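Asker: Provided below are the primary sequence and the corresponding predicted coordinates.
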Amino acid sequence: QVQLVESGGGLVQAGNSLRLSCAASGRTFGNYSVGWFRRAPGKEREFVAAISWRGGMTSYADSVKGRFTISRDNAKSMAYLQMNSLKPEDTAVYYCAARNLARSTIPTYYDYWGQGTQVTVSS
């Protein structure tokens with residue numbers, strides 16, 4: 001069992017940055033790949049970024065590529081999502097998720113989820 005807690009969300013103006021954090025507890029964090037997903041009002045949950053067990057491989061949605069960076073620190077059992085050049089369309093609840101297999105873009109493949117953190121980008 002892995003418990004995940006997101007933090008770092010908030011209200012920012014377009015063009016600014018936020019860094020989301022995902023704190024993990026329970027099993028050895030380094031055994032899990034991590035994904036970030038988001039759900040905007042009235043929309044389906046969508047993939048944002050994912051990172052492999054040791055952080056050597058990452059994946060990004062086209063909509064955030066070049067603006068967002070996913071990273072992790074296994075020694076601290078933490079994962080991060082650095083979000084730069086934020087746009088109003090990035091407004092959503094952001095979730096981190098973990099799975100004990102290779103990283104994936106498919107949310108249903110993840111076994112553990114945090115409660116989410118709200119990100120609101122004003123124009």
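Answerer: Arrived safely. Residues are numbered from 1 along each chain as shown.
Asker: List the residues that contact L11.
Answerer: Neighbour list for L11: T120, V121, S122 [criterion: Cβ atoms under 8 Å, 6 or more residues apart in numbering]. C-beta coordinates here come from the backbone N, C-alpha and C atoms, glycine included.
Asker: how does it look with 7 Å?
Answerer: By Cβ atoms under 7 Å, 6 or more residues apart in numbering, the contact list for L11 reads T120, S122.
Asker: Give me the distance between it and R45.
Answerer: 21 Å (Cβ to Cβ, to the nearest Å).
Asker: isn't there a strand covering R72?
Answerer: Yes. With DSSP: H, G, I helix; E, B strand; the rest coil as the criterion, R72 is part of a strand.
Asker: Find the nearest non-adjacent residue to the residue nearest the centre of the chain, please.
Answerer: In the chain, the C-alpha closest to the average C-alpha coordinate belongs to W36, at a distance of 2.5 Å (Cα atoms, centre = their mean). Closest residue in space to W36, ignoring its immediate chain neighbours: V48 at 4.3 Å, by Cβ to Cβ, 6 or more residues apart in numbering.
Asker: what residues are up against the one you found?
Answerer: W36, F37, R38, A61, V64, F68.
Asker: and the first one, backbone torsions?
Answerer: Okay, so that is W36. Per-residue torsions, W36: phi -110, psi 140 (degrees, to the nearest 10).
Asker: quick one: it from Y60, how far?
Answerer: 10 Å.
Asker: quick one: common contacting residues for the two?
Answerer: The contact lists of W36 and Y60 share A49, where a contact means Cβ under 7 Å, 6+ apart.
Asker: Name the residues of stretch 59-78 that are buried.
Answerer: S59, Y60, A61, V64, F68, T69, I70, R72, N74, S77, M78 (16 or more other Cβ atoms under 10 Å).
Asker: How far does that stretch stretch from one end to the other?
Answerer: 18 Å (Cα to Cα, to the nearest Å).
Asker: ok, what's across the strand from Y80?
Answerer: Counting by DSSP bridges, Y80 is bridged to S21, S71.
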